[in-house]
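>>> turn this into a model:
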Amino acid sequence: MSMGVTLPAGAGMDNVVDSAVALAREAAAARDTVGRLPQLFDVDSIALAGIVGREVPELAVGSSVVPIFARHPILVASQAQTTQAAAGRYTLGGGLGAELFVEPVFGVPYDRPILRLREFLTALRYVVDTGMVDFTGETLVARTPIPSAVAGGSPVPVAVAAMGPQALRVTGELADGTLPFLAGPKALADHIVPAITAASAAPARRLGEGALVPPGKQGR
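The predicted structure is shown next:
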């Protein structure tokens, strides 16, 4: 069984990067195998994961989680690939975030979240898996004018913080796993795992290595 730990990074530290690296070394010494960096409104967890993973290579690292609203999949793919090139064992964790921290903060309507999640993941996987994307959806447009692959930056496993049935369905179809929050064994066994498993087995078109694109949601 692999053991993971959240590495706090924020207020009250003299230098957030130094502190995160020190905590990661402690986690590795305690035989934890995964260190996840939270994303709030201060530290960039994707960038910090790259530094921590480079400094403490025995610890896999991940972001937990980057909200997709007010972010574009091409730019997130660029960040994630760069971090993967630095760390080598990085998992991008994303999610819808809380409505309270979307429109009042960024001025972006928390509108059609499940469709936005599906289209964001679709475009993201195109970039990471093929180095290009030409996608026109209902909530976003993503077109790379030049190749956007990062040497050494692929593959990038993607996990989604999903709990509701629709989000779990999208996660099973398009992501590599989920990051449940405060979910006990019963919720995992009765709700989360069955939904993810059923969705991952649904018919889909495989794009490149690891990307699942449901019929009708292909890049155009």
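>>> name the element the residue most central in space within the chain belongs to?
Residue closest to the average C-alpha location in the chain (C-alpha atoms, centre = their mean): Gly93, at 2.6 Å. Secondary structure from DSSP states H and E places Gly93 in strand 90-95.
>>> show the subsequent helix or strand relative to that strand.
helix 103-106.
>>> can you list the buried residues in that following helix?
Buried positions in helix 103-106, judged by neighbour count with 16 or more other C-beta atoms under 10 Å: none. Using the backbone N, CA and C atoms, a C-beta is placed for each residue, glycine as well.
>>> and Gly172, what does it touch?
Going by C-beta atoms under 8 Å, 6 or more residues apart in numbering, Gly172 touches 195-200, 202.
>>> could you list the low-pLDDT ranges of the protein?
1-3, 9-12, 202-220 (pLDDT under 70).
>>> quick one, strands of this structure?
Assignment of strands within the chain using DSSP state E yields the ranges 4-6, 34-37, 60-63, 66-67, 90-95, 134-136, 141-143, 158-160, 177-178, 205-207, 211-213.
>>> ok, which of those strands comes nearest Val16?
strand 34-37 (10.2 Å; C-beta to C-beta).
>>> sheet-wise, list the partners of that closest one with their directions.
Partners of strand 34-37 in the sheet, by DSSP bridges, are strand 4-6 (parallel), strand 60-63 (parallel).
>>> mind naming the longest helix for this structure?
helix 113-130 (DSSP state H).
>>> next one: it to chain centre, how far?
Centroid separation between helix 113-130 and its chain, computed with C-alpha atoms, centre = their mean, to the nearest Å, is 11 Å.
>>> which neighbouring elements make contact with that helix?
Applying 3 or more C-beta pairs under 8 Å, 6 or more residues apart in numbering; DSSP states H and E, we find helix 113-130 packed against helix 73-87, strand 134-136, strand 141-143, strand 158-160, helix 165-174, strand 205-207, strand 211-213.
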